[in-house]
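# Sequence first, then the predicted structure:
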Amino acid sequence: MSVLTHDHIAGQTPNSSNAGGMLLRRMNVVTAIIFGLIFCVGIHYIATAVFVMPEIPEGQDPPSGLVWMLENRVTLATMAGWVLGFMVGIGAFNGPVRWILGKDLTDEDLLFQAGKDQGISRYFRYTTDHKVVGIQYLIITMTLLGVGGTFAMLIRTNLMTPTSTFLGPTTYNTFVGMHGIIMIIATIIMVTGPFGNFVLPIMIGARDMAFPRLNALSFWLIASVVPVLLSTPFLGGMPTGWVAYNPLASQAPPGMDAFVITIIVFAISSAIAGANITTTAVKMRTKGMTWTRTPIFVYGVVASVGLAIPVFPAFMASQVLSGLDRAAGTTWYDPAGGGSGWLYANLFWLMGHPEVYVILIPALAALLELTPVFTRRPLFSFKTAVVAIAGIVGLSVLVWAHHMYVSGWAPDLGGPFMLTTEMISIPTGLLFLVFIGTMWRGRIWTRLPMMAVYAMLWNFVIGGITGVYLSDIPADEAMHGSMFVTAHFHYTLMGVALTGALGAVVYWFPKMTGRMIDEKIGFWGFWMIQIGFQVTFMGMFMVGLGGQPRRVFNYSDMYTTGNFVSTMGAYTIGLGALVFLYTIISSWRHGEVAPSNPWGAKTLEWQVPTPVPLENFDVLPIITEDAYGYGRPASEPKEGSSV
Amino acid sequence: MTDVELVSAPQEDAQYAWWRRKDVKAIFLIWLLLTVIGLSLCWVPAHLMGESASEQMDETKQTMTLFTAIAAPVGAFIWAVMIYSLAKWRYTGEGPPPDDAPEFRTNTPSVLVWTLGSAILTMVVFVWGLLKIAAIPAASGFGLQVVDAPPAMEIAVTGNQWVWNFTYPEFNEIQSDVLYLPVDTPTTFDVTSNDVIHSFWIVQMGVKVDANPGAITHTEVTPHKVGTYEIRCAELCGILHAAMQTQVKVVPKTEFDAWVKAKLAVVPLGPAEPKSVGGA
Amino acid sequence: MRRFLFLLLTIVIGVGFVALTGTYFSRASANNSLPVESAKSVGTVDTPRGKMQHAMLEISSWPDSMGGCHGEDGGAHPDWVTFCPTTDFQLPAHSLVTIRVKQYDGGELITNAYFAKVHGTVDGTAKLNGATINRISPDTVGHTFTIHGISSPTQEDLFVSVPLMAADEEKMGANGYPLPNIVEFSFYTAGPGVYFWNCEFPCGDGTYARFGGPMSAQGYMAGEITVI
């Protein structure tokens, strides 16, 4: 579908003195910030005037809680104002408003929005070209990982000694919560955002996504809430972890309102991105690309957003109710008013468990996509890979209460949830088989992307097995709420998912930036991260087994050694991450210029020139076979079955 | 052209059955070695869990050891293939490797065996879990008890931000901040919270249950070793969550009775009669 | 060589960023911006545990923050209840410590009557305006002073909880606050360590379980005790 396709309004001619077009051309991140501030301050002023204490007759006390609720109302309104203003200022409303006014965007306007002939400034605007949005997502992901990583370094510094006063309880708990939510957001978007956007449309032979403006919208919504989330420590902090359990969140200072707004906006952004990606993958595959010829990466991304679309609204609902409890005096989560903390826990974990697969599947799919390239063998049993991904998605919505085994909510359901949880290891294990089978007797080209596959396999075994321990109810009774859980999910979310994302960034870097990653230095950065990672989280398994709870700023001196070791590992990760960051920046600026297909890969994105033209293809390709035809001459695909 | 010969080029090994091929034999040996190493270390997680003060903790440690032992051959296989692939299948030249690796796209027997094998392991782990749940005392509510439990001493546990307190309803509602328990006596905890969600965790006994406002949850344990152990809150509950900890002292029955007697003997000294008695 | 220098620069900037962020938040945290009040030595004393150092700490609790220890205009939260002069204390190890609290705030029914009793003091009692008590009526609790900490196999826990009776709001003193109730209690400290204390009378009005606001804030109703 061409970027130019739209309904022609009769009589509409491209007119560069068109006032609407001029406005559109001037909007960028600077106007977004300006409008954000104007709306933020304006709405704050209005809110403080509207949300005031009513007149209290002499001698009577003000209604309990009103002061606190009024503060929350003002805070929520102010932050919502910022988001609204930012989106106005970035030009998100241009298209709809122009359409309402009958002055629909012209062809020239659309090409401008797609970033035609704009150089680097197109990255700072509401640009619809999926390649630009992909790069924008890459930058914001790296930024979020950097900020979240900074919090991690400070958390581990506080945990270096048992009675450290480095941060104190309020700041420490706030940092734990912020590290968590920033990393969760970053890991959700880190593969789907940069590569789902930049690579996927080219990979399926399309010119752009199904809804290019929604693409820009989903990105800029995330950009708009980053400052909101980062304002938390300055508003009293947040006393909860990233899971924001109520009723504790009800008690929290205004920093908690920032979390509420962030999640609501992020959920909207994810829903939009999900609708965009699924429509694109379902409707815009080029001629001849049947589902059996669609690359596995597409399956992975679609499965991930397809899972996110129904479950993220539960998270959003949980935060809306939390906001209502904080600002409107409702008692959704307050037993004294008929509510229950279990309502929150269920809403949250209904999202919370599928969400880890939303994080995991794209990263695994990216590695599944690149493994055939670096072993020169077809992807082993493509159908098994697809069925395994589908199995993981299907089962993942049936396991959430394994996070609530000891909550007392429904102990009788413990057995069934234990079953579904342990059953997920079957499709997950099949993905291991696909990796092993693709490597089997291949010509293993140990470039940096392939090293990520090896690191992932090591980490996934440990992460997966420790998950099985936790799925067992009596074992979970001992280990729930301890550092063992923290170490388990870091092994999966960081050791598998982040490692997969690092592999993906090195793999697709030549196509996205036109340069090769310097693998000499990248090697050191990558392996420092991996080695530091093992040290950090093995230390954490140790203290978790020994009985150290999670989310504690100080701990019993019996856990000193494990924590010290863990902190040293964390510093190593930090250094490795900086080396890797340097690698990315320096390679981007003056790395070796990349040919259009440095890896000799067969998927469509490698068959277009680098840099990729605005509309990707001169002529849309017609597909006659899948992209895994390695290890044989170019002819009809054959099913082989010998080891 | 190829600069490294594949170890088992198809035309050489094709005559042999798959288990006699060089690759497979080598990977089997590596797998065996790694499995032995893994099995020899399978006691480590249970050891790191420290002292055990109850049978439930003993069983949990047993589970950890068993699961580690089951995991050893599984992990060993993946790691064996990884190691062997780097040793023998590696391409070390410039540019993309030549396209001469075997082109097979699937291997139905291996997929079936793998699926069946992982399903069997899952069932083993699941059934083991069910058996162990059945051994957990009825009060914990996991619903699978097959044996009637003997009557247990009841203790009310109240979580407040950021202190635990214990009430003994069977002993005229005496209260304490330290949990005194007589050894070898089944004890049921009725746990609740006065504010946010906490989690009552006796570390060395392997029992844990959340303390919820507006609800009472239960867990039960029989301490089988005299000593002093730790109770830690296991659910973030505000700024001093890290300090919401106390000790449990498991003592011989005689010492416990003496402690109760001393508590009962305390005469209230204060400005007025309390209007309400007891805990939360 | 040039590449190496830029790599080093990236590392330095990165580490510097983390260090600066950490330093800023560390300094700004309530923990580190509160003054520390040390118990003053008042000689040695004979106890059932032998001759021990005796130290004394004088603090007070107020219905708002205008009383002076948060600055002239009450600081960031002038309407919050607070302890004064600070909430971070230092006590000597292996000593007898006496804390004397002047309680200026009113009060009402406490949720958990456990905290209307005296726990963990030398003989389980405290002195309320000179009279020996081991509990007060749960209806008349103003605040509590409850010390607790992390449990460790190497050290006996320190747990002390004393109710501070509500001041009579009908009887005003010269300073514009009710006449205070004076509560005095003594306990033994163990080895060096870090402990925490907080008030267990929920008075964070409006917040869930009334434990938000000042109840969850160091500098007001919660703090740190370092035993050295």
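That came through, no problem.
# how deep is residue 39 tucked in, by neighbour count?
By default, I'm working from chain A. Around residue A:39 there are 21 other residues, counting by other CB atoms under 10 Å in any protein chain shown. Glycine gets a C-beta too; all of them are placed from N, C-alpha and C.
# Wait, chain C was what I had in mind.
22.
# wait, doesn't it sit right on residue C:54?
No. Taking CB atoms under 8 Å as the definition, residue C:39 is not a contact partner of residue C:54, at 9.3 Å.
# Now do the helices in the stretch 501-643 of chain A.
Taking DSSP state H, counting those that start in this stretch as the criterion, the stretch 501-643 of chain A carries its helices at A:519-546, A:560-590.
# ok, and which of those has the densest surroundings?
Compared across the helices of the stretch 501-643 of chain A, helix A:519-546 shows the largest average neighbour count, a mean of 21 (mean count of other CB atoms under 10 Å in any protein chain shown).
# List phi and psi for residue C:217.
Here is the backbone geometry of residue C:217 (degrees, to the nearest 10): phi -130, psi 120.
# Distance-wise, check it relative to chain A.
7 Å (CB to the nearest CB, to the nearest Å).
# show me what contacts that residue?
A:170, B:239, C:30, C:77, C:80 (CB atoms under 8 Å, 6 or more residues apart in numbering or on different chains).
# Give the single residue among those residues positioned nearest to residue A:189.
residue A:170 (29.1 Å; CB to CB).
# Helix, strand, or coil at the residue in chain C positioned nearest to chain B?
Of all residues in chain C, the one sitting closest to chain B is residue C:209 (3.5 Å; CB to the nearest CB). Using DSSP: H, G, I helix; E, B strand; the rest coil, the structure places residue C:209 in helix.
# Which residue is the nearest non-sequential neighbour of it?
Excluding the flanking residues, the one nearest residue C:209 by CB to CB, 6 or more residues apart in numbering or on different chains is residue B:195, at 3.5 Å.
# Format the contacts of residue C:217 as a markdown table; extra columns: neighbour count, secondary structure and distance to residue C:226.
A markdown table is the format used below for these (neighbours: other CB atoms under 10 Å in any protein chain shown; DSSP: H, G, I helix; E, B strand; the rest coil; distance: CB to CB, whole Å):
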| residue | neighbour count | secondary structure | distance to residue C:226 |
| --- | --- | --- | --- |
| A:170 | 27 | helix | 18 |
| B:239 | 27 | coil | 17 |
| C:30 | 21 | helix | 15 |
| C:77 | 16 | coil | 25 |
| C:80 | 23 | coil | 24 |
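# Could you point out which residue ranges in chain A have low pLDDT?
A:1-20, A:62, A:64, A:632-643 (pLDDT under 70).
# circling back: what's the overlap in contacts for residue C:39 and residue C:54?
residue C:97.
# Relative to chain B, which of the helices of the stretch 501-643 of chain A is closest?
Per CB to the nearest CB, nearest to chain B of the helices of the stretch 501-643 of chain A: helix A:519-546, 4.0 Å.
# quick check: angle from that closest one to helix A:560-590?
160 degrees (axes from the mean of the first three to the mean of the last three CA atoms, to 10 degrees).
# Say whether chain B is contacted by helix A:519-546.
Yes. On the criterion CB under 8 Å from any CB of the partner chain, helix A:519-546 is in touch with chain B at A:541, A:542, A:545, A:546.
# ok now the helix or strand where residue A:302 lies, how far from the chain's centre?
Element membership for residue A:302 (DSSP states H and E) is helix A:296-327. Taking CA atoms, centre = their mean, to the nearest Å, one finds helix A:296-327 lying 11 Å from the centre of the chain it belongs to.
# What is it packed up against?
helix A:66-90, helix A:194-203, helix A:255-283, helix A:341-375, helix A:382-396 (3 or more CB pairs under 8 Å, 6 or more residues apart in numbering or on different chains; DSSP states H and E).
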